[in-house]
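# just the structure for this:
(chains A, B, C and D)
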2 protein chains.
Amino acid sequence: MWQTPGMAAPRTARAIARAELTQQIKDEALRQLGAAGAGELSLRAISRELGMVSSALYRYFASRDELLTALIIDAYADLADALDAADARFSDPEQATPATPVAEPPTPGARAEPPSPATRAEPPWPGTQAERWAAAAVALRNWALAQPHRYSLLYGTPVPGYRAPMETTVPAERVMTAFFRPLEAVALAGGPAGDVTDAGLNAQLRAAGTLLGPHIAPVRLAAGVAALAQVIGFVTLEIGGHFRGGFEPADALYARAVDVLTGSLGLVD
Amino acid sequence: MWQTPGMAAPRTARAIARAELTQQIKDEALRQLGAAGAGELSLRAISRELGMVSSALYRYFASRDELLTALIIDAYADLADALDAADARFSDPEQATPATPVAEPPTPGARAEPPSPATRAEPPWPGTQAERWAAAAVALRNWALAQPHRYSLLYGTPVPGYRAPMETTVPAERVMTAFFRPLEAVALAGGPAGDVTDAGLNAQLRAAGTLLGPHIAPVRLAAGVAALAQVIGFVTLEIGGHFRGGFEPADALYARAVDVLTGSLGLVD
DNA sequence: TCTCAAACGTGAGCACCGCTCTTGTTTTCT
DNA sequence: AGAAAACAAGAGCGGTGCTCACGTTTGAGA
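Modelled structure (predicted):
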């Protein structure tokens, strides 16, 4: 059987070489992805650069789409790590003992379980939840501007005719939860937010909330989705060049938008 | 010289045939775009379908990128038309005499000039400006969901390694202005919104406002950009499948988000 | 009306692509 | 030690974007 990302550390020499080469392929693919678009990614060029025959590459990735899927999964995990790191760095700039679990090794595929906040209240947090959410929003934009091609892989056009397989949904959710963690925290602290008038929407939000944050009331969950949409939309427009000639650089504008959003989320103290 | 979209009606038989064939090429390209992704668009397949040799196609579009550019320009114009139509339909469901110029023929490349509202107040509008903005937001989502591949062409990943040329910026702006027209209307009606604390951002917004709406105060302009970003982000996430498993169908959620946005824009009566 | 250049369609061809299959070698497991 | 699995290599298939040389058609100016 082939090696899957979640497997234990390789033991045999062949497995080690395989893991090494697999990573080299992904690295080179990422390099080409940065130089051109996702459509230009060429398996032949990758194999050429790595000094192997093109057909040999198919022992590591069954197809071009499978390589892209691997890159997408890695990108989700990397982005989620960046968001977690921002959360931790915000919590304590010096030490590395954040309240949120972030020290876990970057094994993609492993999902960050919420620290069972069902019974007890959230552990004490040095900053406000508003600052926490803002830190995630800023971290996402920084990550996206630093490597736009990877961001486009995640939130841009679904590549050529490519449909995201199941394996990507789990790491994708890790990114979303990073933005709903502060909302869950204020909900546990006893936020008053209530239901939404639309009964159907209310039920839908309650159902969806069980994954993202079981204690977030529908009205706040809807606001959370809207806020996340604004963040994604802002970065997407900026990367897509739609802000050129007027709104660029967009740092100050983004900072203000995030500030307004944290207010609308009811994250004020 | 080749025919450009803004030229007068063709006279000679050859020019007629050229315009016809050019449109057929774009139609077939759009058909293939819907069947697969933008990366799968094949000039050879198009020419094959049209019963011509592949090399003949290059008499009409110098390259694949040029074809894509033409499709993008058309898509922007079509979307802008849809937004204008929604505005007009909202204004008067029966007649075709809206306050906003929409009756102009769909000649792409022609830009909708604001009806010189500098001196006089905006003409009377049957509905509130909030309803007007909401109509645009809903129309954009409907247009996007009806033809996601075209939407992705505009606001998704910049295709393969493709960079939008100048020609696309003008029709792209037509879409943006549709969302800022209501803001300009309330600004002319004497809205009180003022400046933003950040001096640099304020200057930037004042400069950018001269194009989108000269009378929109910075604080409202910033809110307008944020609201547009949220709309784009919402639709992008929905089309990208990020709402699957929880937030889909997203009609009610979107309706609520738009409702909240119109309030944040200060478009209430 | 005639002429000539521009526009046009055709087919061969180049370099690249994703992917498959066969062959022979190397590594691992039993 | 022997069998089975993993691997690298090379040839090959059908597809792509794009170029070029070649004849034909068309339309505008002399």
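# the closest residue to chain B within the stretch 1-150 of chain A: what secondary structure?
The stretch 1-150 of chain A approaches chain B most closely through A:Gly39 (3.1 Å), counting by Cβ to the nearest Cβ. To be clear about C-beta, it is placed using only N, CA and C from the backbone, and glycine gets the same treatment. Three-state assignment for A:Gly39 (DSSP: H, G, I helix; E, B strand; the rest coil): helix.
# my guess is it contacts B:Gly39. True?
Yes: the criterion here is Cβ atoms under 8 Å, and A:Gly39 meets it with B:Gly39 at 4.1 Å.
# do you know how far the residue of the stretch 1-150 of chain A closest to chain B is from A:Gly156?
As for A:Gly39, its distance to A:Gly156 is 11 Å (criterion: Cβ to Cβ, to the nearest Å).
# centre of the chain to the helix or strand where A:Leu253 lies, how far?
A:Leu253 belongs to helix A:251-264 when assigned by DSSP states H and E. Put simply, helix A:251-264 sits 20 Å off its chain's centre (Cα atoms, centre = their mean, to the nearest Å).
# what's the answer for stretch A:13-27, then?
Counting by Cα atoms, centre = their mean, stretch A:13-27 is centred 25 Å from the centre of its parent chain.
# likewise stretch A:69-78?
Worked out by Cα atoms, centre = their mean, stretch A:69-78 lies 9 Å from the chain centre.
# and it, does that touch DNA strand C?
No: using Cβ under 7 Å from any atom of the strand, stretch A:69-78 never reaches DNA strand C; the gap is at least 11.6 Å.
# is that stretch in proximity to chain B?
No: under the criterion of Cβ under 8 Å from any Cβ of the partner chain, stretch A:69-78 makes no contact with chain B; the nearest approach is 11.1 Å.
# for the residue nearest to A:Arg132 when sequence neighbours are not counted, helix, strand, or coil?
Distance criterion Cβ to Cβ, 6 or more residues apart in numbering or on different chains; nearest residue to A:Arg132, sequence neighbours excluded, is A:Pro182 at 4.5 Å. Of the three states, A:Pro182 takes helix under three-state DSSP.
# is it true that A:Pro182 touches A:Ala135?
No: in this structure, A:Pro182 is not within contact of A:Ala135 by Cβ under 8 Å, at 9.2 Å.
# show me what contacts A:Ala80?
For A:Ala80, the contacting residues are A:112, A:171, A:174-175, A:178, by Cβ atoms under 8 Å, 6 or more residues apart in numbering or on different chains.
# hmm, 6 Å instead?
A:174-175 (Cβ atoms under 6 Å, 6 or more residues apart in numbering or on different chains).
# circling back to that earlier point, so the residue nearest to A:Arg132 is in contact with A:Ala130, correct?
No: using Cβ atoms under 6 Å, A:Pro182 makes no contact with A:Ala130, being 7.6 Å away.
# those two: who's more crowded?
A:Pro182 (27 against 20; other Cβ atoms under 10 Å in any protein chain shown).
# quick revisit: and A:Gly39 and A:Gly156? Which one has more around it.
For A:Gly39 and A:Gly156, the more surrounded residue by other Cβ under 10 Å is A:Gly156, and the numbers stand at 24 against 19.
# and the nearest residue to the more buried one once chain neighbours are set aside, which of the three is it?
Spatial nearest neighbour of A:Gly156, excluding adjacent residues (Cβ to Cβ, 6+ apart): B:Thr157 at 3.0 Å. When classified by three-state DSSP, B:Thr157 comes out as coil.
# surely B:Thr157 and A:Ser152 touch.
Yes: counting by Cβ under 6 Å, B:Thr157 does reach A:Ser152; the two are 4.0 Å apart.
# neighbour-wise, which of these two wins?
In terms of neighbours (other Cβ under 10 Å), B:Thr157 is the more surrounded of B:Thr157 and A:Ser152; the figures are 27 against 22.
# quick check: pLDDT value at that one.
Per-residue confidence (pLDDT) for B:Thr157: 79.
# list the contacts for it?
Counting by Cβ under 6 Å, 6+ apart, B:Thr157 has contacts A:152, A:156-157.
# mind doing that once more with 10 Å?
A:37-39, A:148-149, A:151-159, A:236, A:239-240, B:38-39 (Cβ atoms under 10 Å, 6 or more residues apart in numbering or on different chains).
# quick one on the thing from earlier: hey, what's in contact with both of B:Thr157 and A:Ser152?
Joint contacts of B:Thr157 and A:Ser152 (Cβ under 10 Å, 6+ apart) are A:37-38, A:159, A:236, A:239-240.
# same list, the residues you listed, but as CSV with distance to A:Asp84 please.
Output for these, formatted as CSV (distance: Cβ to Cβ, whole Å):
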residue, distance to A:Asp84
A:Gly37, 29
A:Ala38, 26
A:Val159, 26
A:Thr236, 22
A:Ile239, 22
A:Gly240, 27
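# show me the contacts for the most centrally placed residue in chain A.
The geometric centre of chain A, computed from its C-alpha atoms, lies nearest to A:Val175 (Cα atoms, centre = their mean), at 3.2 Å. Counting by Cβ under 10 Å, 6+ apart, A:Val175 touches A:75-77, A:79-80, A:82-84, A:136, A:140, A:143, A:154-155, A:228, A:232, B:242.
# change it to 6 Å
A:79-80.
# mind telling me which residue of the stretch 101-250 of chain A is nearest chain B?
For the stretch 101-250 of chain A, Cβ to the nearest Cβ, closest residue to chain B: A:Gly233, 2.4 Å.
# hmm, that residue is touching B:Gly233, no?
Yes: the pair A:Gly233 and B:Gly233 qualifies as a contact (Cβ under 6 Å) at a distance of 2.4 Å.
# burial count for A:Ile232?
A:Ile232: 27 neighbours (other Cβ under 10 Å).
# sticking with it, tell me its helix or strand.
helix A:218-239.
# near DNA strand C, which residues of chain A?
A:11-15, A:41-45, A:48, A:54-55, A:58, A:62-65.
# try 10 Å this time
A:10-18, A:29, A:32, A:39-49, A:53-59, A:61-68 (Cβ under 10 Å from any atom of the strand).
# of the residues you listed, buried ones?
When the residues of chain A next to DNA strand C are checked for burial by 16 or more other Cβ atoms under 10 Å in any protein chain shown, the buried set is A:18, A:29, A:32, A:39, A:41, A:43, A:46-47, A:57, A:61, A:64, A:67-68.
# which ones among the residues you listed map onto helices?
Judged by DSSP state H, those include A:18, A:29, A:32, A:43, A:46-47, A:57, A:64, A:67-68 as members of helices.
# re earlier: got the angle between the helix holding A:Leu253 and helix A:218-239?
Angle, helix A:251-264 to helix A:218-239, by axes from the mean of the first three to the mean of the last three Cα atoms, to 10 degrees: 170 degrees.
# residue numbers of chain A in contact with DNA strand D?
A:1-3, A:10, A:12, A:14-22, A:44, A:47, A:50-60.
# do you know how far the residue of the stretch 1-150 of chain A closest to chain B is from B:Arg174?
27 Å.
# quick check: end-to-end length of stretch A:30-48?
15 Å (Cα to Cα, to the nearest Å).
# re the thing from before, let me have the shared contacts of B:Thr157 and A:Ser152 in TSV, extended by neighbour count.
Below are these laid out as TSV (neighbours: other Cβ atoms under 10 Å in any protein chain shown):
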residue	neighbour count
A:Gly37	22
A:Ala38	25
A:Val159	26
A:Thr236	24
A:Ile239	20
A:Gly240	21
